[in-house]
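J.: Predicted model and sequence below, questions to follow.
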Amino acid sequence: MHHARNLSTADFQRLDADHHIHPFTDTKALNEEKSRVMAKADGVWLWDTDGNRYLDGMAGLWCTQIGHGRREVADAVHRQMLELEYYNTFFKTTHPPAAELSALLAELTPEGLNHVFFTNSGSEANDTVFRMVRYYWQLLDKPSKQIFIGRVHGYHGSTVAASALGGMAGMHNQAGMVPGVHHITPPHWFDFGGDMSPDEFGVWAAKELERTIDELGEDNVAAFIAEPVMGAGGVLIPPETYWPEIKRICAEREILLVADEVICGFGRTGKWFGSDTYDLKPDLMPIAKGLSSGYLPIGGVMVADRVADVIIGKGGEFYHGYTYSGHPAACAAALENLRIMREEKVVEHVADVAAPYLQEKWRKLGEHPLVGEARMIGLVGALELVPAKPSRAERFEPVGEVGTIARDFSFANGLVMRAVRDALIISPPLVITPEEIDEMARMIEKTLDDTMAELKKQGRMA
Ligand code: PMP
């Protein structure tokens, strides 16, 4: 057997290249380049096996709200594992961490959401949504209501149902689509707004939901699913006018509203949930990521009373569940994470300190010649890279190449950012301090300068 401590970086890279197919990765291209081997993390910092240090500008994968390496979470999981490492929640059974976490989630989430169905991930949460929504309409004797409306660039996960609910064409093309899902225009003014003002466009994009319901027939539409702020699609922050208009449409039409809070939930937008930020009253609310700050895998679907009344009150047995639904150790990690978030006032830190401070840096970065739009809400933001300002019309070709160049410079400068098409994305741990934000902003500025120098060298920028 391999013993981790006796292996070198090159050994890990070889083992990985020989045997590991990576998620959302061109594995052949990666193997030619070699993996970075992350070894250790603390707070907002990561170290690879060669001792290089990175600021984790993505909070892992939009999840490490309280930062890395909190001993209290490890201790809570350790204690739970010694007590009851695993038992299921299927057969008329529960256990203390699942019961406590259910009640705590009912308290923390927006009013009217008082039940949770536990899963291990955001993808499973959205698969649960898919099945629960259709079952709900069946129970109400409206079995024709089956269609989901999602959005282009939406991301809801990688399982079969979740990838269909999402609006990623690449994913649909590789494995086919589930019938009964439609996608409408995302509220992303920069790319889709045309000649409209952002506010006009927000209303127009929302009204597409209404137009689509009419086209498909209200009797056939089950639900609208949307992230309050779209994350993996490129941090697409809707114009102010968007959600109020969506709320009006959902109130007038008989469809369920599913707010996918897998990224927005647990403080990312400066309030506990994106639904708090936009005053939404979702019928179903998938959660994951920040629920445990990623210390162990856990997700769930929050269910509004009006849906729970039907599913629980009329439904009998719901034929759905995962071996690890409400896993005790994962629930213990979530409970400790949420205790830390509340006692250390992490959401208040975002709203009052970190987000305003980073917002100011963002405004300045927006003045860089390479940046066409600098958008941010709470602690999640994007810099849209363009060849010439102030035009929105002119973009780099082929889409995504410049984003990748910039992303690689970012890593070389010691900062983890992600590129989505030609936008650079950040979503740092929520506990990031002003000093760390200063450091991050300096690295971003250097990354933009390095990228621009490279593009000028390649003749792609004047
Ligand atoms: N929904 C949203 C909004 C997400 O951002 C993600 C993951 N990035 C998912 C669902 C899927 O979650 P998971 O990767 O935990 O399955």
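T.: The structure has been received and is ready for your questions.

J.: The ligand contacts on the chain?
T.: 121-123, 126, 155-157, 227, 231-232, 260, 262-263, 288, 299 (C-beta under 6 Å from any ligand atom). For glycine as for every other residue, the C-beta is placed from the backbone atoms N, C-alpha and C.

J.: Any of those buried? List them.
T.: Among the residues of the chain next to the ligand, those classed as buried by 16 or more other C-beta atoms under 10 Å are 121-123, 126, 155-157, 227, 231-232, 260, 262-263, 288, 299.

J.: Of the residues of the chain next to the ligand, which is the nearest to the ligand?
T.: Using C-beta to the nearest ligand atom, Gly122 is the member of these that lies nearest the ligand, at 2.3 Å.

J.: contacting residues for the closest one?
T.: 156-157, 162, 260, 262, 286-289, 299 (C-beta atoms under 8 Å, 6 or more residues apart in numbering).

J.: Mind checking which of those land in strands?
T.: Among the contacts of Gly122, the members falling in strands are 286-287, 299 (criterion: DSSP state E).

J.: one step back: from the contacts of Gly122, which is closest to Pro97?
T.: Nearest to Pro97, judged by C-beta to C-beta, of those is Gly299 at 15.1 Å.

J.: partner residues bridging the closest one?
T.: Thr119 (DSSP bridges).

J.: Next up, the contacts around it.
T.: Contacts for Gly299 (C-beta under 8 Å, 6+ apart) come out as 118-122, 124-125, 262, 286-289, 291.

J.: okay if I get the residues you listed as CSV plus pLDDT?
T.: Converted to CSV, the contacts of Gly299 look like this (pLDDT from 0 to 100):
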residue, pLDDT
Phe118, 98
Thr119, 98
Asn120, 98
Ser121, 98
Gly122, 98
Glu124, 98
Ala125, 99
Val262, 99
Pro286, 99
Ile287, 99
Ala288, 99
Lys289, 98
Leu291, 99
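
J.: from those residues, which single one is nearest Pro434?
T.: Lowest distance from Pro434 to the contacts of Gly299 (C-beta to C-beta) belongs to Lys289, with 24.3 Å.

J.: Once you drop chain neighbours, what's closest to that closest one?
T.: Once flanking residues are discounted, Lys289 sits nearest to Cys63: 3.6 Å by C-beta to C-beta, 6 or more residues apart in numbering.

J.: Tell me where the chain is predicted with low confidence.
T.: Along the chain, the parts satisfying pLDDT under 70 run over 1-5.

J.: Can you tell me the centre-most residue of it?
T.: Central residue of the chain (C-alpha atoms, centre = their mean): Ile263, 3.0 Å from the mean position.

J.: ok, the closest residue to Cys264 other than its chain neighbours - how many residues close by?
T.: Residue nearest to Cys264 in three dimensions, not counting chain neighbours: Gly274, with 3.0 Å by C-beta to C-beta, 6+ apart. Using other C-beta atoms under 10 Å, Gly274 has 29 other residues around it.

J.: again, but for Ile249
T.: By other C-beta under 10 Å, the residues close to Ile249 number 18.

J.: Can you tell me the SS state at the nearest residue to it once chain neighbours are set aside?
T.: Nearest residue to Ile249, sequence neighbours excluded (C-beta to C-beta, 6+ apart): Glu210, at 4.9 Å. The three-state assignment at Glu210 reads helix, by DSSP: H, G, I helix; E, B strand; the rest coil.

J.: how many neighbours does Glu210 have?
T.: Other residues close to Glu210 by other C-beta under 10 Å number 16.

J.: just use 41 as the starting number from now, easier for me
T.: With the count now opening at 41, the last piece we talked about shows up as Glu250.

J.: now for the longest helix along the chain, which elements pack on it?
T.: Counting residues, the longest helix in the chain under DSSP state H turns out to be helix 474-497. Here helix 474-497 touches strand 93-95, helix 395-405, strand 420-425, helix 441-452, strand 463-466, going by 3 or more C-beta pairs under 8 Å, 6 or more residues apart in numbering; DSSP states H and E.

J.: any chance of the ones you listed in CSV, plus mean neighbour count?
T.: Shown next, in CSV, are these (neighbours: other C-beta atoms under 10 Å):
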stretch, mean neighbour count
strand 93-95, 18
helix 395-405, 17
strand 420-425, 26
helix 441-452, 19
strand 463-466, 26
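
J.: Tell me which of the ones you listed sits nearest to Thr65.
T.: Per C-beta to C-beta, nearest to Thr65 of the helices and strands packed on helix 474-497: helix 441-452, 12.7 Å.

J.: Out of the buried ones among the residues of the chain next to the ligand, list just those in helices.
T.: Filtering these for helices - DSSP H - leaves 162-163, 166.

J.: May I see those arranged in JSON lines, with distance to Glu434 as well?
T.: Shown next, in JSON lines, are these (distance: C-beta to C-beta, whole Å):
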{"residue": "Gly162", "distance to Glu434": "35"}
{"residue": "Ser163", "distance to Glu434": "36"}
{"residue": "Asn166", "distance to Glu434": "36"}
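
J.: what separates Gly406 from Met501, distance-wise?
T.: Remark: distance between Gly406 and Met501 (C-beta to C-beta, to the nearest Å) = 17 Å.

J.: Many thanks, have a good one.
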